[in-house]
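Peer 1: Here is my input; please provide its structure:
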Amino acid sequence: MEIISGERKDLGRALCIITGASKGYGRTLALQLSCLMKPRSVLMLVARSADQLNKVKEDVRALNDGHKKLDVRCVQADLEKTEGVEKTVQAIKDTSSSDMDHFLLINNAASLGDVSRSALTFTDPAEVNRYLSLNVSCVLSLTARVLQAFPHRAGLQRTVVNISSLCALKPFPSWVLYCTGKAARDMMFRVLAEEEPDVRVLSYAPGPLDTDMQLQARRFSGDLKLRQSFSTMFSEGQLLSCEESGAKLMKLLLDDEYRSGAHVDFYEL
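Peer 2: Next comes the predicted model:
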């Protein structure tokens, strides 16, 4: 990895995997990361929609046209299901990475869940388990499987990023599923950092982003004060662009000075 004036300029020849890469924040991260990867790197985009993934692939190639040879691969997979995790892991294993400098997994895929209801209405364990399957269980399974597939070796940096939220730390009324999932993921990755000291682990809270998920929050949040707060942020232009938030994550990855396992918020930088 090239270092200039004490700072890393790029991620080296890297294998980067982004889940939830078909739109919104995942799409932005794909574009930004592609500019930090050396030639012959592999950028793997994972999501449920093949059409949207292919569009992101075209955008990445257009952005880097004439500058580098970047291998962009799309994996259509539903990570809520075991088969989706298996398909993603196999695609990663099929990647030649013996001379890679950096392995980077960004766990971005997530869902908001039903934010129209209070905690006391979730009486069906199957409903809760379906939410936790995508947002917690499969995240741990995928992370474990890919780290096993690419074990520690000299010259390889392994980095795992969890796209977190303020909701991992603070309770939001009517958001019991989302808050629970984000809190569980933060702890999951804190444990990983303790157990695997050679893996760089980061939980990054990107701030309130102007995305489809935010639109859902404004429309459907059961807590009226919370819904009004989000509506005010939108109308007053206080929501962050994916590009602005992503740029801070890119800097975090390049500087590589965060404490492994830490929760870092956009507004702390």
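
Peer 1: where do the helices sit along the stretch 1-150 of the chain?
Peer 2: Along the stretch 1-150 of the chain, the stretches classed as helices by DSSP state H, counting those that start in this stretch are 24-34, 50-64, 82-93, 125-132, 138-149.

Peer 1: which of those sits most buried?
Peer 2: helix 24-34 (a mean of 22; mean count of other CB atoms under 10 Å). All C-beta spots, glycine's among them, are computed from the backbone N, C-alpha and C.

Peer 1: Quick check: which of the helices of the stretch 1-150 of the chain is nearest to residue 269?
Peer 2: helix 24-34 (15.2 Å; CB to CB).

Peer 1: And the average pLDDT for the closest one is what?
Peer 2: For helix 24-34, mean pLDDT rounds to 98.

Peer 1: Likewise for stretch 78-96?
Peer 2: For stretch 78-96, the mean confidence score works out to 92.

Peer 1: do stretch 112-119 as well
Peer 2: pLDDT averaged over stretch 112-119 gives 98.

Peer 1: Ok, stretch 126-139 next?
Peer 2: Per-region confidence: stretch 126-139 scores 96 on mean pLDDT.

Peer 1: gap between the two ends of that stretch?
Peer 2: 18 Å (CA to CA, to the nearest Å).

Peer 1: Need the contact partners of that stretch.
Peer 2: 79-81, 84-85, 107, 109-111, 113, 122, 162, 177, 180-182, 184-185, 188 (CB atoms under 8 Å, 6 or more residues apart in numbering).

Peer 1: Strands - which of these land there?
Peer 2: In strands, defined here by DSSP state E, the members of those are 107, 162.

Peer 1: ok so, going back, possible to save the helices of the stretch 1-150 of the chain as a markdown table with distance to residue 206?
Peer 2: Shown next, in a markdown table, are those (distance: least, CB to CB, whole Å):
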| stretch | distance to residue 206 |
| --- | --- |
| helix 24-34 | 6 |
| helix 50-64 | 18 |
| helix 82-93 | 22 |
| helix 125-132 | 21 |
| helix 138-149 | 16 |
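
Peer 1: before we move on, back to that, the contacts of stretch 126-139, buried ones only, as a ChimeraX selection?
Peer 2: Selection of buried members from those for ChimeraX, criterion 16 or more other CB atoms under 10 Å:
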select :79,80,84,85,107,109,110,111,113,122,162,177,180,181,182,184,185,188
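
Peer 1: Nearest residue to the middle of the chain?
Peer 2: Centroid-nearest residue in the chain: residue 108, 2.3 Å away (criterion: CA atoms, centre = their mean).

Peer 1: in terms of contact, does that one touch residue 23 like I think?
Peer 2: No - look at residue 108 against residue 23 with CB atoms under 8 Å: they stay out of range, at 10.7 Å.
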